[in-house]
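J.: I would like the atomic coordinates for the input below:
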Amino acid sequence: MNVFNAVPDFAVNASLGLTMTNDPSTQNTLACGPTIPKDCKSITMFSGVCLQIDRSNRISNPMPSSNKECRSADIAFLLDGSGSVASQDFQKMKTFVKDLVGSLLPLDTKFAVVQFSSHFQVHFYFNEFFPSSWEAKVDDIMQLTGGTRTARAIKYVVENIFIPEQGSRSNVKKVLIVITDGESHDRGQLPYAVDLAEKKTLFDLLLEWGAHSLK
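T.: Okay, here's the model as predicted:
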């Protein structure tokens with residue numbers, strides 16, 4: 001059986017084989033693809049699918065057998081409040097946050113907002129997100145100014161925001177959205193910070209930028 005014929009319709013963009021492992025004792029191979037998109041209103045979630053291939057090249061049913069509905073999520077915004085960001089652009093960042101949060105409120109989604117420059121300011125943690133007050137908290141955010149320590153900020157959020165003590169849930173999708181329009185002053189540390197985010201906490205890292213790319 002052709003392995004690609006066994007891929008369900010919802011997983012045609014799964015990048016099957018991007019992750020593979022073999023069990024020497026059974027000679028079974030597990031081939032997985034992690035890039036199945038699921039549009040959830042204003043944001044796209046990604047999940048994966050796996051196929052098991054035995055020693056006779058027989059292919060098991062895909063796991064999972066269907067694409068899940070939009071999953072619950074913890075979403076943290078990391079806003080660049082450094083001096084290199086124009087005040088009108090900082091206001092646009094706040095508007096973006098309000099629009100995205102508002103569009104996702106009907107879902108089981110929790111939010112946190114952190115601002116960074118050369119230091120950090122947490123505006124609210126996941127366990128401080130309340131439907132009645134979050135919008136006023138975003139409106140009240142004042143730009144920090146200062147340097148642009150993007151890598152340090154990503155590391156800070158990974159280690160201090162996406163934790164159970166601050167209301168982050170262990171059984172939901174985790175998303176970090178970094179919004180920046182300034183050039184990072186610790187660019188050399190960005191690969192490490194991004195790797196830490198992706199490998200340690202297993203959430204999507206979405207980078208938005210203006211004049212200066214993070215990549």
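
J.: Now do residue 142: how many residues are near it, please.
T.: By the measure other C-beta atoms under 10 Å, the count of residues near residue 142 is 10. The way it works is simple: take the backbone N, C-alpha and C, and place the C-beta from them, glycine included.

J.: just residue 184 next, same as before
T.: By other C-beta under 10 Å, the burial measure for residue 184, its neighbour count, is 25.

J.: And residue 164, by the same measure?
T.: 10.

J.: Might one say that it is in contact with residue 174?
T.: No - judged on C-beta atoms under 8 Å, residue 164 makes no contact with residue 174 at a distance of 12.0 Å.

J.: now the helix or strand containing residue 100: mean pLDDT?
T.: Using DSSP states H and E, residue 100 falls within helix 87-104. Taken as a whole, helix 87-104 has a mean pLDDT of 89.

J.: Looks to me like residue 77 is in a strand.
T.: Yes - counting by DSSP: H, G, I helix; E, B strand; the rest coil, residue 77 is located in a strand.

J.: re the thing from before, output the contacting helices and strands for the helix holding residue 100.
T.: Counting contacts by 3 or more C-beta pairs under 8 Å, 6 or more residues apart in numbering; DSSP states H and E, helix 87-104 is packed against strand 73-80, helix 134-139, strand 173-180.

J.: what's the following helix or strand after it?
T.: Using DSSP H and E, the next helix or strand after helix 87-104 towards the C-terminus is strand 109-116.

J.: Reformat the helices and strands packed on helix 87-104 as a markdown table; add mean neighbour count and mean pLDDT.
T.: Formatted as a markdown table, these follow (neighbours: other C-beta atoms under 10 Å; pLDDT from 0 to 100):
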| stretch | mean neighbour count | mean pLDDT |
| --- | --- | --- |
| strand 73-80 | 25 | 92 |
| helix 134-139 | 14 | 96 |
| strand 173-180 | 22 | 86 |
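
J.: Format those as TSV; extra columns: distance to residue 156.
T.: Putting the helices and strands packed on helix 87-104 into TSV (distance: least, C-beta to C-beta, whole Å) gives the following:
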stretch	distance to residue 156
strand 73-80	9
helix 134-139	19
strand 173-180	11
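
J.: right, and residue 183 touches residue 148 too?
T.: Yes - between residue 183 and residue 148 a contact is recorded at 6.3 Å, counting by C-beta under 8 Å.

J.: Would you mind telling me which of the two has more residues around it?
T.: A count of neighbours by other C-beta under 10 Å puts residue 148 above the other of residue 183 and residue 148, at 25 against 16.

J.: Doesn't that one lie inside a strand?
T.: No - counting by three-state DSSP, residue 148 is not part of a strand but coil.

J.: residues in contact with it?
T.: Contacts for residue 148 were tallied using C-beta atoms under 8 Å, 6 or more residues apart in numbering; they are 80, 82, 84, 116, 117, 118, 180, 182, 183, 184, 185.

J.: least confident pick among the residues you listed?
T.: Lowest pLDDT among the contacts of residue 148: residue 182, with 59.

J.: Leaving out the residues flanking it, which one is nearest to residue 192?
T.: residue 151 (7.0 Å; C-beta to C-beta, 6 or more residues apart in numbering).
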